[in-house]
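# Dropping the sequence and predicted coords here.
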Amino acid sequence: MSEPIPSKVQVWKLASRPHTLTASVVPVIVGYASTLQLIQRNFDLLPQQPPGSCTAAAEYGGADEGVCVNSSYYAILPLAFQFAIFAGLIQISTNLHNDYADFVKGADTDERVGHARATQKGWLTPYETCRGCVMCLISALWVGMHYLIPINKKCLESSDVGILENYDPIMIFIVLSSLFNAVAYTGGPFPLGYVGLGNVSIGYSGLGDLFVFIYFGVVATMGAPYLYLTKVACLSPTSQMLMQRQKLRQLLYPSFLHSVPIGFLATAIIVVNNLRDRHTDIHAGKRTMAVRFGAAFAKMEYLLLVLGSYGFCIYFWSLERGKYHEDGSPGGMTTRTKHLALLPLLSLPMAISQLKAVAFGGKDGQSLNEHVGGTAKLQMFFCLLMTAGLVISSLVT
């Protein structure tokens, strides 16, 4: 009996895989919460205000200090939202291109054990899938060009600057590399084949794990704090003042520490995905880590990534304790917040169930489908708990 063809809306939903958006959007939420805590501990990062405003009152311990901090919280929201939209569009672009490229490269066949793919099933032609990918890439580029890359004019050291000095080189790299990686993750003849890079593939060469850690961990989490520090606090990464560049790096360091366990769990999602698909990947020449080093290696990698995320959470808590302030002054924990950094540990029971099935169980092939989604849910819950800890900490200190 032939399989019923879903509606066009269902087909595009299947191809874009909206359930995977948590991996790109939830880290941005953590980045937003990390920025809240950053501001609470560093009042000098508040936006420049006219004399007599809340910043001036806060400087002398005035009653308007909370008002000024709250206004800064609202300044972060649009930045985090813009970055989340960009990250989501890149995620969908990558999914659509993967749907197309895995089919034309022979990785998605009738023997596929994972979820159904629209192009492989014939519900979308390769042309249609590529067209959808291009539309998402153009939308992501538009968001990047209009909101992420331009420097706030109030932050320019001089009004008489060249055109290039109006744009942030770090964000230019992040936007352009994200667009490239969206199609280079799987590779294939379109569009890289037109520029002689048809054989380039991050996923097929075994670099997918590293790519996911960097872009779905570090970049996704640090995006909102970086945008606030450069666009609102006016700390330029290219400033001629060494102290300003050093301060930017120093202030971003806590956000980097937050990003590491998130990156570990994001990578764990792709590890269990590749563990499931390794038999069909071999025939398609897809040299993932699971194909290169075998199932035992992939299971051990999954174990280390999941346990490492919790270990890093405890490590960060120990660092925070070193900055503990009994009087509640900015810069570290207080009596009421000193254990909030451990909130993600509440997701440990979920992690144990996934570890039992993936790292220690005998499941393979199609039976691992539920654990791809299960690991994604684990990352989401872990991130939400981390967000809660950061938000509560910023509100009560």
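Everything's here; your move. Because the structure is a prediction, the values reported are computed rather than measured.

# surely residue 244 meets residue 230?
No: contact criterion C-beta atoms under 8 Å: residue 244 and residue 230 do not qualify, at 10.7 Å. All C-beta spots, glycine's among them, are computed from the backbone N, C-alpha and C.

# Comparing the two, which residue is more hemmed in?
residue 230 (21 against 14; other C-beta atoms under 10 Å).

# residues touching the more buried one, list them.
The contact partners of residue 230, by C-beta atoms under 8 Å, 6 or more residues apart in numbering, come to 151, 152, 155, 168, 170, 171, 236, 237, 248.

# With residue 347 instead?
Contacts of residue 347 by C-beta under 8 Å, 6+ apart are 378, 381, 382, 385.

# and the gap between the second one and residue 210?
Using C-beta to C-beta, to the nearest Å, we find residue 381 at a distance of 25 Å from residue 210.

# Quick check on these two: which one has the bigger neighbour count.
Neighbour count, other C-beta under 10 Å: between residue 381 and residue 210, residue 381 has more, with 18 against 13.

# Three-state assignment for that one, please.
At residue 381, secondary structure determined by DSSP: H, G, I helix; E, B strand; the rest coil is helix.

# pLDDT at it, what is it?
The model reports residue 381 with a pLDDT of 97.

# Let me know whether it touches residue 348 as I believe.
No: here residue 381 does not reach residue 348: they are 10.3 Å apart, not a contact under C-beta under 8 Å.

# So which of the contacts of residue 230 are in strands?
Per DSSP state E, strands hold no members of those.

# so residue 35 touches residue 231, yeah?
No: at 11.5 Å, residue 35 does not count as touching residue 231 under the criterion of C-beta under 8 Å.

# which parts of stretch 108-127 are buried?
Of the residues in stretch 108-127, 108, 112, 114, 117, 118, 119, 120, 121, 123, 124, 126 count as buried by neighbour count, 16 or more other C-beta atoms under 10 Å.

# Next, give me the two most distant ones among those residues.
The span of the buried residues of stretch 108-127, defined through C-beta to C-beta, is set by 114 and 126 at 18.7 Å.

# How about residue 248, nearest residue that isn't a chain neighbour?
Nearest residue to residue 248 in three dimensions, chain neighbours excluded: residue 235, at 4.3 Å (C-beta to C-beta, 6 or more residues apart in numbering).

# In contact with that neighbour, which residues?
Neighbour list for residue 235: 229, 244, 247, 248, 251 [criterion: C-beta under 8 Å, 6+ apart].

# Just the buried ones out of those residues, please.
Neighbour-count burial within the contacts of residue 235 applies to 229, 247, 248, 251; the criterion is 16+ other C-beta under 10 Å.

# Please flag which of those residues sit within helices.
Secondary structure defined by DSSP state H assigns 229, 247, 248, 251 of these to helices.

# and the two most separated of those residues?
Spatially, the most separated pair among these is 229 and 247, at 8.8 Å (C-beta to C-beta).

# The buried ones among the contacts of residue 235 into a markdown table, with extra columns for distance to residue 354?
Converted to a markdown table, these look like this (distance: C-beta to C-beta, whole Å):
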| residue | distance to residue 354 |
| --- | --- |
| 229 | 35 |
| 247 | 40 |
| 248 | 37 |
| 251 | 34 |
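
# export the residues you listed to JSON lines and tack on pLDDT and distance to residue 297?
Below are the buried ones among the contacts of residue 235 laid out as JSON lines (pLDDT from 0 to 100; distance: C-beta to C-beta, whole Å):
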{"residue": "229", "pLDDT": "92", "distance to residue 297": "39"}
{"residue": "247", "pLDDT": "89", "distance to residue 297": "42"}
{"residue": "248", "pLDDT": "90", "distance to residue 297": "38"}
{"residue": "251", "pLDDT": "92", "distance to residue 297": "38"}
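
# quick one: which of these is nearest residue 317?
Set against residue 317, the nearest of these by C-beta to C-beta is residue 251 (19.6 Å).

# mind listing what residue 76 touches?
Residue 76 sits next to 32, 35, 36, 39, 224, 228, 232 when contact means C-beta under 8 Å, 6+ apart.

# same question, residue 91
20, 21, 23, 24, 25.

# so which of those would you say is closest to residue 175?
residue 24 (14.4 Å).

# helices and strands around the helix or strand where that closest one lies, which ones?
Residue 24 belongs to helix 22-41 when elements are defined using DSSP states H and E. Helix 22-41 sits against helix 65-104, helix 220-231, helix 242-283, helix 369-396, with contacts defined as 3 or more C-beta pairs under 8 Å, 6 or more residues apart in numbering; DSSP states H and E.

# Turn those helices into a markdown table, including distance to residue 189.
Converted to a markdown table, the helices and strands packed on helix 22-41 look like this (distance: least, C-beta to C-beta, whole Å):
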| stretch | distance to residue 189 |
| --- | --- |
| helix 65-104 | 7 |
| helix 220-231 | 29 |
| helix 242-283 | 19 |
| helix 369-396 | 27 |
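
# just the ones you listed: most buried one?
helix 220-231 (a mean of 26; mean count of other C-beta atoms under 10 Å).
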